[in-house]
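In: All I have is the shape, not the residue letters:
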Ligand code: 13P
């Protein structure tokens, strides 16, 4: 089954409003040349979502939240709900990024509730998983990421799977300049797909996109994206400039 790759730009807590709108315009303006070959999504800081939504207009670039609340509404200071993200033009949200799992201590049980409420409210979900360096060194990479998938997709049915994507982001590769080698990444992606196959079915496992993230740059994108089970990239630092983000998207679109 051919999977159209997805390249996401996670802007984290970078940029100001003007910079975010300008970056979104630059990306959207150039996105037409790779339309149909790769999908693009950008994940700006929450306060800039509406501005960025206006800047991307009808270009086809998807807009996403970096996180979502596990509650629908109410007295939850600082949180942002699924319906708020949709109101601001989002069609997708990240859930379980390592800066929330490891940085803020979010556990699978909470993440499973976020996944459920986002899907129920009409968003697509890009669920992030990844092992720490310690877990890798102890030979626990597969157990860790498969455990995260099982825990975070606890309440997700086969029907829901058409709106779920995964991102494998080894924690030790995020923002460090150190990437997993293509073979190292491919074996984790293949293990994740095989888990999806046993948990759901072969058809949905073959359809779901599994993105790689962690120090993806224009220089290393092509070799990673050439791997059979790597269906795109979730990019941090290199997504903050339109040219490097688009170069990664072009390298992804060209994969065989
Ligand atoms: P870097 O590309 O800066 O390593 O960040 C990866 C990431 O966390 C994307 O979500």
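Out: Yep, that arrived. Bear in mind that the values here come from a model prediction, so they are computed numbers and not experimental data.

In: Please, which helix or strand holds residue 41?
Out: Taking DSSP states H and E as the definition, residue 41 sits inside strand 39-43.

In: Return the distance of that strand from the chain's centre.
Out: 9 Å (CA atoms, centre = their mean, to the nearest Å).

In: repeat for stretch 212-223
Out: Here stretch 212-223 shows a centroid-to-chain-centroid distance of 14 Å under the convention CA atoms, centre = their mean.

In: what comes up buried for that stretch?
Out: Across stretch 212-223, burial judged by 16 or more other CB atoms under 10 Å covers 212, 213, 214, 215, 216, 217, 218, 220, 221, 222, 223. (Glycine included, C-beta is placed from N, CA and C.)

In: repeat for stretch 106-113
Out: By neighbour count with 16+ other CB under 10 Å, stretch 106-113 contains the buried residues 106, 108, 110, 111, 112, 113.

In: next one: stretch 143-152
Out: Buried residues in stretch 143-152 (16+ other CB under 10 Å): 144, 145, 146, 148, 149, 151, 152.

In: For it, give the mean pLDDT please.
Out: Stretch 143-152 carries an average pLDDT of 98.

In: Check the protein for the residue nearest the ligand and tell me.
Out: residue 236 (2.2 Å; CB to the nearest ligand atom).

In: Is stretch 226-234 in proximity to the ligand?
Out: Yes. Under the criterion of CB under 6 Å from any ligand atom, stretch 226-234 makes contact with the ligand via residue 234.

In: Other residues contacting the strand holding residue 41?
Out: By CB atoms under 8 Å, 6 or more residues apart in numbering, the residues outside strand 39-43 that reach it are 4-11, 23-24, 27, 31, 34, 52, 56, 60-66, 92, 94, 126, 232, 239, 249.

In: Tell me which helix or strand the residue in the chain sticking out farthest from the centre sits in.
Out: Within the chain, residue 75 marks the point farthest from the mean C-alpha position, 28.1 Å out by CA atoms, centre = their mean. Here residue 75 sits in a region with no helix or strand, counting by DSSP H and E.

In: The ligand contacts on this protein?
Out: Within the chain, the residues that sit near the ligand (CB under 6 Å from any ligand atom) are 10, 97, 169, 174-175, 213-216, 234-238.

In: rerun that using 8 Å as the cut-off
Out: 8, 10, 12, 43, 94, 97-99, 128, 167, 169, 173-177, 213-217, 234-239 (CB under 8 Å from any ligand atom).

In: Flag every buried residue along stretch 200-207.
Out: Buried positions in stretch 200-207, judged by neighbour count with 16+ other CB under 10 Å: 200, 204, 205, 207.

In: Tell me which of these fall in helices.
Out: Counting by DSSP state H, the buried residues of stretch 200-207 place 204, 205, 207 in helices.

In: and these as TSV, adding distance to residue 181?
Out: Converted to TSV, those look like this (distance: CB to CB, whole Å):
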residue	distance to residue 181
204	28
205	24
207	26
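
In: so which of those would you say is closest to residue 135?
Out: Using CB to CB, residue 205 comes nearest to residue 135 of those, at 23.8 Å.

In: list the contacts for the closest one?
Out: Applying CB under 8 Å, 6+ apart to residue 205 gives the contacts 193, 194, 196, 197.

In: related to what we said a few turns ago, of the contacts of strand 39-43, which belong to strands?
Out: Using DSSP state E, the members of the contacts of strand 39-43 that fall within strands are 6-10, 62-65, 92, 94, 126, 232.

In: hang on, the earlier thing: partners of the strand holding residue 41 in the sheet?
Out: Under the criterion DSSP bridges, strand 39-43 sits next to strand 6-10 (parallel), strand 62-65 (parallel) in its sheet.

In: host element of residue 72?
Out: Using DSSP H and E, residue 72 sits in no helix or strand.

In: Just read off the phi/psi values of the closest residue in space to it that isn't next to it in sequence.
Out: What sits nearest to residue 72 in space, not counting adjacent residues and going by CB to CB, 6 or more residues apart in numbering, is residue 81, at 6.0 Å. For residue 81, the backbone dihedrals (degrees, to the nearest 10) come out as phi -90, psi 170.
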